[in-house]
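Asks: sequence unknown, structure follows:
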């Protein structure tokens, strides 16, 4: 017996749709393009009706007795089904965990790059694992690593909220961020404090007016 090949290099067999001449059942229950029941007719009659309408005869239920076919534009039907499948795939996005790695001595340019990556991951609906890596004696500076992670959480507060606070894990310190569900509302102390009308009083008294002349009458 010859040994089995390690890899099967044959092209995969494509499953062709059961339409038109590929339908081999002698009797079919046919539904017209507008939903009208044409009843049980022969395969040749069904193909003739589809040909007259310039449409396709498509097998929709093979297990029925007799099998059910529908007259339709198969190319348009296939396009709509693929479009629905793509939309359903977009809606059923599975949340993944993306990781952003850095050192606690990271420079500003590299830090901005990590922030950009995190924003892209968060906008895609994924969680972000922020990891600070320690090497050698750098493990002594966990406080600096925690400060860096807190800074990152602050810079990303409009897009994310902290799911897990900075925590040491082996020779790393990690923090988990999750996409923010509700928009962040920043409160300005000056705007939030009600302004009161202030009455200003002049420090200098008003200039004196003209003196009134009074006449005194001497009593007799």
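Replies: Structure's in. What do you need? Just so it is clear, the model here is predicted, and its values are computed rather than measured. Numbers count the residues shown, from 1 in each chain.
Asks: And residue 88, which helix or strand is it part of?
Replies: helix 74-91 (DSSP states H and E).
Asks: for that helix, which positions count as buried?
Replies: residue 74 (16 or more other CB atoms under 10 Å). Using the backbone N, CA and C atoms, a C-beta is placed for each residue, glycine as well.
Asks: List the contacts of whichever helix or strand comes after it.
Replies: Downstream of helix 74-91, the first helix or strand assigned by DSSP H and E is strand 97-102. Applying CB atoms under 8 Å, 6 or more residues apart in numbering, the contact partners of strand 97-102 are 110-111, 114, 117-118, 121, 126-133, 148, 176.
Asks: now stretch 114-127
Replies: 93, 95-98, 100, 102, 106, 128, 130, 152, 155-156, 159-160, 163, 176-180.
Asks: again, 6 Å this time
Replies: 93, 95-98, 100, 102, 128, 155-156, 159-160, 178-179 (CB atoms under 6 Å, 6 or more residues apart in numbering).
Asks: Just among the residues you listed, which is most surrounded?
Replies: Per-residue neighbour counts (other CB atoms under 10 Å) across the contacts of stretch 114-127 peak at residue 128, which has 26 neighbours.
Asks: Okay, and it sits in which element?
Replies: Short version, using DSSP H and E: residue 128 is in strand 127-133.
Asks: what separates the helix or strand just after that strand from the chain centre, distance-wise?
Replies: Moving toward the C-terminus from strand 127-133, the next helix or strand (DSSP H and E) is helix 142-155. Between the centre of helix 142-155 and the centre of its host chain there is 26 Å, according to CA atoms, centre = their mean, to the nearest Å.
Asks: could you give the mean pLDDT of helix 142-155?
Replies: Throughout helix 142-155, pLDDT has a mean value of 94.
Asks: buried ones in that helix?
Replies: For helix 142-155, burial by neighbour count (16+ other CB under 10 Å) applies to 145-146, 148-149, 152-153, 155.
Asks: quick revisit: partner strands of the strand holding residue 128 and their direction?
Replies: Next to strand 127-133 in the sheet, as set by DSSP bridges, lie strand 97-102 (parallel), strand 172-179 (antiparallel).
Asks: that older thread, would you check which pair of the contacts of stretch 114-127 lies furthest apart?
Replies: Maximum pairwise distance among the contacts of stretch 114-127 (CB to CB): 26.6 Å, between 93 and 102.
Asks: what's the angle from the strand ranked longest in the chain to helix 142-155?
Replies: Under DSSP state E, the strand in the chain containing the largest number of residues is strand 160-169. Computed by axes from the mean of the first three to the mean of the last three CA atoms, to 10 degrees, the angle separating strand 160-169 from helix 142-155 equals 170 degrees.
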